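Novice: When you get a sec, could you give me coordinates for this:
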Amino acid sequence: MTDSTTPTGTIYLLPVALSDSGDLRCVLPDINFTIVRGIRFFVVENLRSARRFLKKCDRSIDIDTLTFFTLNEHTNPAEIPEMLAPALAGNDIGVISEAGCPAVADPGADLVAAAQSRGIRVMPLVGPSSILMGLMGSGFNGQSFAFAGYLPVDSAARTATLKEMERRINRERQTQIFIETPYRNNRLVEELCRTLPDSMLLCIASDITGENQNITTLPISKWKKRKYDYSHKPTIFLLYR
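Specialist: The predicted model follows:
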């Protein structure tokens, strides 16, 4: 915990667009842009995309005057406390994911956990969430749902996970939601069609908030016959019946 007499900054969780196309101001409220302009320290998943996001927020932002810490799957956990040093010195910190909401299926969660354990104020800001927007557009149960993040890479473990999802859908009527690395999207659809029963409903929500947004719900039997190409497109998958 921090000393109560020590003024600390705030950790702002800054949502970014889900798609590279479209206007940021259509998906983010004005207060987000105001807050971004006042931050000089950022913890980011990808430096290049974070810089691009900040320039889209306000072209007058001088990127070279900002300090960036990179937090991704390769970061040593021992480095995370050092990233909080600016906040402990009274400075605000912005956390930026590569897409969508930071700290959800995102390494930023480790920074938030460290901040919470030290009593540093954490402020999530409003922005697009592919999980909720995909659920909203699917027609599936929004009363009970589970987000599984990325499925296991191992084929046997992945099949076992899908079978467990099927059981939870049948037993609990719970919508199952998950994601995949974009370049493997098409292979995942093929695997879902091989593994799941024809009657299972699959919703694929792609390029949400982008110019080519498409949210389609069909039974597996129809996905087997459908032409599609979700390769390299930000996409989220939902199952129900």
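Novice: When you work out contacts or count neighbours from here on, use the C-alpha atoms and nothing else.
Specialist: Noted.
Novice: Tell me how many other residues surround residue 232.
Specialist: Residue 232: 12 surrounding residues under other C-alpha atoms under 10 Å.
Novice: Assumed it was part of a strand.
Specialist: No: under DSSP: H, G, I helix; E, B strand; the rest coil, residue 232 sits outside any strand and is assigned coil.
Novice: Test my guess that it contacts residue 183.
Specialist: Yes: Residue 232 lies in contact with residue 183 (C-alpha atoms under 8 Å); the separation is 4.5 Å.
Novice: end-to-end on stretch 189-202?
Specialist: Criterion C-alpha to C-alpha, to the nearest Å; first-to-last residue distance in stretch 189-202 is 9 Å.
Novice: That one: which residues count as buried?
Specialist: 189, 192, 193, 196, 198, 200, 201, 202 (16 or more other C-alpha atoms under 10 Å).
Novice: which ones among those are found in helices?
Specialist: The members of the buried residues of stretch 189-202 that map onto helices under DSSP state H are 189, 192, 193.
Novice: For the residues you listed, give me CSV that also has pLDDT.
Specialist: Formatted as CSV, these follow (pLDDT from 0 to 100):
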residue, pLDDT
189, 97
192, 96
193, 97
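Novice: wait, which of these is closest to residue 207?
Specialist: Residue 207 lies nearest to residue 189 out of those, by C-alpha to C-alpha, at 16.0 Å.
Novice: Please give me every residue in contact with that closest one.
Specialist: Residues near residue 189 by C-alpha atoms under 8 Å, 6 or more residues apart in numbering: none.
Novice: now it: how far from residue 206?
Specialist: 13 Å.
Novice: can you check residue 141 too?
Specialist: Distance from residue 141 to residue 206, counting by C-alpha to C-alpha: 19 Å.
Novice: which of the two has more neighbours?
Specialist: residue 206 (22 against 17).
Novice: Count the residues that sit near the closest residue to that one other than its chain neighbours.
Specialist: Excluding its sequence neighbours, the residue lying closest to residue 206 (C-alpha to C-alpha, 6 or more residues apart in numbering) is residue 235, at 4.2 Å. Burial measure for residue 235: 25 neighbouring residues, criterion other C-alpha under 10 Å.
Novice: Now do residue 151 against residue 87, distance only.
Specialist: From residue 151 to residue 87 the distance is 35 Å (C-alpha to C-alpha).
Novice: What strand or helix carries residue 105?
Specialist: Taking DSSP states H and E as the definition, residue 105 sits outside all helices and strands.
Novice: pretty sure it contacts residue 147?
Specialist: No: no contact is recorded between residue 105 and residue 147 when judged using C-alpha under 8 Å, the distance being 9.2 Å.
Novice: quick one: pLDDT of the residue nearest to residue 206?
Specialist: For residue 235, the model assigns a pLDDT of 96.
Novice: What pairs with the helix or strand that contains residue 42, parallel or antiparallel?
Specialist: Secondary structure from DSSP H and E places residue 42 in strand 41-44. Within its sheet, strand 41-44 is paired with strand 67-70 (parallel), strand 93-96 (parallel), according to DSSP bridges.
Novice: Just read off the phi/psi values of residue 210.
Specialist: In terms of degrees, to the nearest 10, the main-chain angles of residue 210 are phi -90, psi 180.
Novice: and if you look at residue 52?
Specialist: phi -60, psi -40.
Novice: Good, we can wrap up now.
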